[in-house]
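> Kindly generate the corresponding structure for this input.
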Amino acid sequence: MGRPSLRRRRPRRLDLRKTLFVVPNLLTLCSVFCGFYAILIVSRDSITVDDLYRAAIVLIYAMFFDLIDGRVARLTKTQSAFGLQLDSLADVISFGVAPALLVYKWVLFRHSEVGMFVGFLFVGCAAVRLARFNVLASDASGSPAKPGKYIIGLPTPPASGILISLLVANHAVGGALGHERYTVLLFGVTILLSLLMVSNVQFRSFKDLRLNLGTVSILLLTIGSSVFIWQRYNPQFVLVWLLGAYVAIGLIETVRSFFVKLKDSSLPPRDSVPPPVTG
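Residues are numbered from 1 along each chain as shown. The predicted model follows:
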């Protein structure tokens, strides 16, 4: 019999990078679970305002997980093409299908065929917007590129966040926002958000924020206006205000940029030579 080997195997070193790679993806999957759970809540035949409210709160948790997964990936330097694709697939479920189903069960069902089309329009635009984002946010190798100052098209979390926050606010006012008289308005809001997702309107990504006078002024204005709405109306309307202001800022900046370009195009080139004076 041969002598047993006296050499002990060295324990395998833990690859911290591979371990950390799992963390942001787990957070993304938590967002998927929230979207799936919200769909389960409202999939029953007869649901109440409380059920819609509970599903909306679950989707707010999905927004939280979606907010931190990318930041955790950048903090741990574990950004990858896989994470980029997974995040977009998660957003289709949590911020495409789930909020569209919620708003359908809330008000869109009142006009079944048109409501079904409007609900699908939101899902389809969310899918197209995320596919376009993946193309623009990737380099030639498919890896995530450095984020820019602006994002083309309204991101899906803020778009769905407006619908979700309206559902939360509706619960705070005893279901008044879901009244028949607001049906057309909510149809219009859903269609507008859908079209903004696939538009060329540029929205700020807030990736390059710097501590300067402009940033501090906007921050103080945001806090002050939120406190006013909190005290004047209901705390649940603060999220509606913040997300609505984000959309309004994007639209205002786009219109201003359009008129600036229009003005610049009407001016003669600086290096042009004036015609000679005759007579």
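> Okay, and residue 151 sits in which element?
Using DSSP states H and E, the element containing residue 151 is strand 150-152.
> can you list contacts of the helix or strand hosting residue 222?
Using DSSP H and E, residue 222 falls within helix 213-232. Helix 213-232 has contacts (Cβ atoms under 8 Å, 6 or more residues apart in numbering) with 209, 237-238, 241-242, 245. Where you see a C-beta, it was placed from the backbone N, CA and C, and this is true even at glycine.
> So what touches stretch 107-122?
96, 99-101, 103-104, 159, 178, 180, 182-183, 186-187, 190-191, 193-194.
> Can you mark which positions in the lowest-mean-pLDDT helix or strand in the chain are buried?
Ranked by mean pLDDT, DSSP states H and E, the weakest helix or strand in the chain is helix 213-232, scoring a mean of 80. Going by neighbour count (16 or more other Cβ atoms under 10 Å), the buried part of helix 213-232 is 226, 229.
> what does stretch 56-72 give?
Quick answer for stretch 56-72 (16+ other Cβ under 10 Å): 56-63, 65-66, 68-70, 72.
> do stretch 185-192 as well
186-187, 189-190.
> before we move on, what about stretch 175-182?
Those buried within stretch 175-182 under the rule 16+ other Cβ under 10 Å are 177-178.
> avg pLDDT for that stretch?
For stretch 175-182, mean pLDDT is 90.
> Can I get it in PDB, CA atoms only?
What follows is stretch 175-182, C-alpha atoms only, in PDB (Å, rounded to 0.1, in the frame of the first residue of the first chain):
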ATOM      1  CA  GLY A 175     -60.500  56.400  -3.900                       C
ATOM      2  CA  ALA A 176     -61.500  59.800  -5.200                       C
ATOM      3  CA  LEU A 177     -58.900  59.800  -8.000                       C
ATOM      4  CA  GLY A 178     -60.500  56.600  -9.400                       C
ATOM      5  CA  HIS A 179     -63.900  58.300  -9.900                       C
ATOM      6  CA  GLU A 180     -65.600  58.100 -13.400                       C
ATOM      7  CA  ARG A 181     -64.900  61.800 -14.100                       C
ATOM      8  CA  TYR A 182     -61.100  61.200 -14.000                       C
END
